[in-house]
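[1] Coordinates for the following, if possible.
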Amino acid sequence: MILALGIVYAIVGLATIALVLLHSGKGGGLSDMFGGGLGAAAAGSTQMERNLDRLTILFSLIFAILTLVMAFVVNS
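    Numbers count the residues shown, from 1 in each chain. Next up is the predicted model:
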């Protein structure tokens with residue numbers, strides 16, 4: 001059980017890192033590769049940027065919950 005939880009934890013952690021890196025910063029970012037740059041400058045936040053935000057929040061919450069679960073499993 002601990003091994004499977006650790007594998008899921010690593011996958012979710014890497015996915016969270018990838019999602020954070022896709023966000024655009026002050027001067028653009030990796031999200032410009034997928035069409036987020038020009039549309040975001042013209043019309044505020046695009047649908048793709050909002051979905052990226054939602055996915056990042058979701059994976060961050062899953063990562064936090066898995067951190068707590070692993071802490072309880074290892075200590076018990």
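[2] which is the next helix or strand following the helix or strand bottoming out on mean pLDDT in the chain?
    When the helices and strands of the chain are scored by mean pLDDT, DSSP states H and E, helix 36-43 comes last with a mean of 53. Using DSSP states H and E, the next helix or strand after helix 36-43 towards the C-terminus is helix 47-75.
[3] gap between that next one and the chain center?
    Relative to the centre of its chain, helix 47-75 is centred 8 Å away, using C-alpha atoms, centre = their mean, to the nearest Å.
[4] can you list the weak-confidence ranges in the protein?
    Along the chain, the model assigns pLDDT under 70 to residues 26-45.
[5] Kindly recompute the last result at 80.
    Applying pLDDT under 80 to the chain flags residues 24-45.
[6] I'd like to know how far Leu5 sits from Asp53.
    For Leu5, the distance to Asp53 equals 27 Å [C-beta to C-beta, to the nearest Å]. Yep, even glycine has a C-beta here, placed from its N, CA and C like the rest.
[7] Now stretch 61-76 - C-alpha only, CSV.
    Output of stretch 61-76 as CSV, limited to C-alpha atoms (Å, rounded to 0.1, in the frame of the first residue of the first chain):
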residue,chain,number,x,y,z
LEU,A,61,-5.2,19.9,-3.5
ILE,A,62,-4.7,16.2,-4.4
PHE,A,63,-1.0,16.6,-3.7
ALA,A,64,-1.7,18.2,-0.3
ILE,A,65,-4.2,15.5,0.7
LEU,A,66,-1.8,12.8,-0.4
THR,A,67,0.9,14.4,1.8
LEU,A,68,-1.4,14.2,4.8
VAL,A,69,-2.5,10.6,4.0
MET,A,70,1.1,9.5,3.6
ALA,A,71,2.1,11.2,6.9
PHE,A,72,-0.6,9.3,8.8
VAL,A,73,0.1,5.9,7.0
VAL,A,74,3.9,6.1,7.7
ASN,A,75,3.4,7.1,11.4
SER,A,76,0.9,4.4,12.1
